[in-house]
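Q: Give me a model of this one.
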Amino acid sequence: MKMRIQFFASLGKTLSAAVLGTSVIFFAPALCGVATPAVAAVSVAGLPDFTELVEKTGPAVVNIRTTEKIKTPQGMPGADDEDMQEFFRRFFGVPMPRQPGPKEAPRGRKQVPPQQEEEVQRGVGSGFIISADGYVLTNAHVVDGADEVYVKLTDKREFKAKIIGVDKRTDVALVKVDGANLPRLTLGDSDKIKVGEWVIAIGSPFDLDNTVTAGIVSAKARDTGDYLPLIQTDVAVNPGNSGGPLINMRGEVIGINSQIYSRSGGYMGISFAVPIDEAMRVADQLKASGRVTRGRLGVQIGEVNRDVAESLGLPKAQGALVARVETGSPAEKAGLEAGDIILKFNGVSIDKASDLPRLVGGTKPGTRSTLTLWRKGVTRDVSLVVTELEVEKQAKKDDKKSKQEQVANALGLNVSDLTDAQKKELAPTTGVLVDAAEGAAARAGLRAGDIILRLNNTDIKDAQQFNGLVAKLDRKKMAALLVRRGDTSQFVSIRPSAS
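A: Numbers count the residues shown, from 1 in each chain. Now for the predicted structure:
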């Protein structure tokens, strides 16, 4: 018996040595009948329960539907459509009723059918109520260019909303509905978020109202925009989620879901949100004046890499390199030169070049500010007065005029060539930009800002080629356009109008 116990004790030691470091450990004393000390249990955190959080916050999240008004020939829609004619013949046994024709035009003039205005759906997005009297935050790209905006609550009430203001640079918009005692969300502090904390998104992906998805904060201050360091998450965000809230476990809004990174147009595990602190700074200005004012120095800047920093004697790679100084700008008046490196703005360090436009943009025009420069191995302070960053109103006016002067092709489209920046973003594919859509194109859902990549089986290179291809289309057949909107592409079928 003594030998048997020694054998098992020895065996226990051998097994302990063999599996030590794995998830299972054998202890020899247990085999010998000796009492073993209690092993401390490992604390395992369970998954959070979001039910109460959703019940609390869901009612303040809204569905946003936008429409635009287009002019169409008066009469029954589809009166010249062969499919509609066949439908009447097959199911009613009679020809489709004739529509009243246009009045006889004076001799020598072309007959123009009377026009009527038709309201068509433009897009669907999300938003959330921030005040009981009906102010709603959403993304600029959700409502920009819409003729009408409709806000629907979870209790099925729908309001016609007024656009208070839109800021494309930050992709923030503020709209207002007439209501009282509406449910609203509590605003959090986006500066206090931590990477790894749980968050949820509520919105209308693919027009599915009040869809809830969950994940964690993947990164803070992700540098993807001119004026905003965005919050990166792995929360499932899809088309239609835009403008909805990103909510922490305390039920506070910490961001507005705005972008996704995708090669397919759908969720791929990376989404971005506008920090609520930044969004509210914009919203407050929109509420006060309907627009956002930003400061301007008048310089073009670039990054300072490690090689440049070492060559110039900088202790580390930081700051914004001045690449060009605009004539007549505050920077020129203050004596800035190409090659200067801006290290600080009003005492705040510039770690990377993108920090500077954010700091300057957030400065009220007319404010006297101080720049700390590095020039030829020496630091110096320069004082200047920040001016307002002007919106290129004249350029927009001229652009609008040129678009109005264009004549729509047989598909009802006015198109133009892409800019170099747009071509670079689309590479390796090309396409043309839709400036305006009317008639058949508008009824098919196309709108200004869409990019046409392909007509039937032909890749589109420029506007001249596209219009030439449209002119040769068979008017009796449907044409298939591969259209890109945002990060998604899909085919749209359109029947060319008669010559």
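
Q: Past the lowest-mean-pLDDT helix or strand in the chain, which element shows up next along the chain?
A: Lowest mean confidence among the helices and strands of the chain (mean pLDDT, DSSP states H and E): helix 28-31, at a mean of 37. Per DSSP states H and E, the first helix or strand lying C-terminal to helix 28-31 is helix 51-57.

Q: Buried residues in that following helix, which are they?
A: Counting neighbours by 16 or more other Cβ atoms under 10 Å, one finds that the buried residues in helix 51-57 are L53, V54, T57. (Each C-beta comes from the backbone N, C-alpha and C, glycine too.)

Q: The first one reaches I200, doesn't it?
A: Yes - L53 is in contact with I200 according to Cβ atoms under 8 Å; the separation is 6.6 Å.

Q: Overlap in contacts, these two.
A: I247 (Cβ atoms under 8 Å, 6 or more residues apart in numbering).

Q: So which elements touch the strand ranked longest in the chain?
A: Taking DSSP state E as the criterion, the chain has its longest strand at strand 115-129. In terms of contacts (3 or more Cβ pairs under 8 Å, 6 or more residues apart in numbering; DSSP states H and E), strand 115-129 is packed against strand 61-73, strand 135-138, helix 140-143, strand 198-203.

Q: Could I get the average pLDDT for it?
A: For strand 115-129, mean pLDDT rounds to 83.

Q: got it, and stretch 338-352?
A: Per-residue scores along stretch 338-352 average to 92.

Q: What's the end-to-end length of it?
A: Start and end residues of stretch 338-352 are separated by 17 Å (Cα to Cα, to the nearest Å).

Q: how distant is it from the center of its chain?
A: The chain centre lies 29 Å from the centre of stretch 338-352; the measure is Cα atoms, centre = their mean, to the nearest Å.

Q: Which positions in that stretch come out as buried?
A: Those would be D340, I341, I342, L343, K344, F345, I350, for stretch 338-352 by 16+ other Cβ under 10 Å.

Q: so where is the stretch 301-450 of the chain shaky, pLDDT-wise?
A: Low-confidence segments of the stretch 301-450 of the chain, defined by pLDDT under 70: 391-408, 428.

Q: As a check, name the ranges of all strands in it.
A: 320-325, 341-345, 348-349, 368-375, 378-385, 387-388, 413-417, 432-437 (DSSP state E, counting those that start in this stretch).

Q: Adjacent strands (with direction) for the fourth one?
A: Strand 368-375 has these partner strands in its sheet, going by DSSP bridges: strand 341-345 (antiparallel), strand 378-385 (antiparallel).

Q: what's the answer for the first one, then?
A: Each strand that pairs with strand 320-325, with its direction, by DSSP bridges: strand 299-303 (antiparallel), strand 341-345 (antiparallel).

Q: what's the closest of those to V151?
A: strand 341-345 (39.1 Å; Cβ to Cβ).

Q: Mind putting the helices and strands packed on strand 115-129 into TSV with mean pLDDT and distance to V274?
A: Compiled in TSV, the helices and strands packed on strand 115-129 are given as follows (pLDDT from 0 to 100; distance: least, Cβ to Cβ, whole Å):
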stretch	mean pLDDT	distance to V274
strand 61-73	84	16
strand 135-138	98	9
helix 140-143	94	10
strand 198-203	97	13
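
Q: Cool, thanks, signing off.
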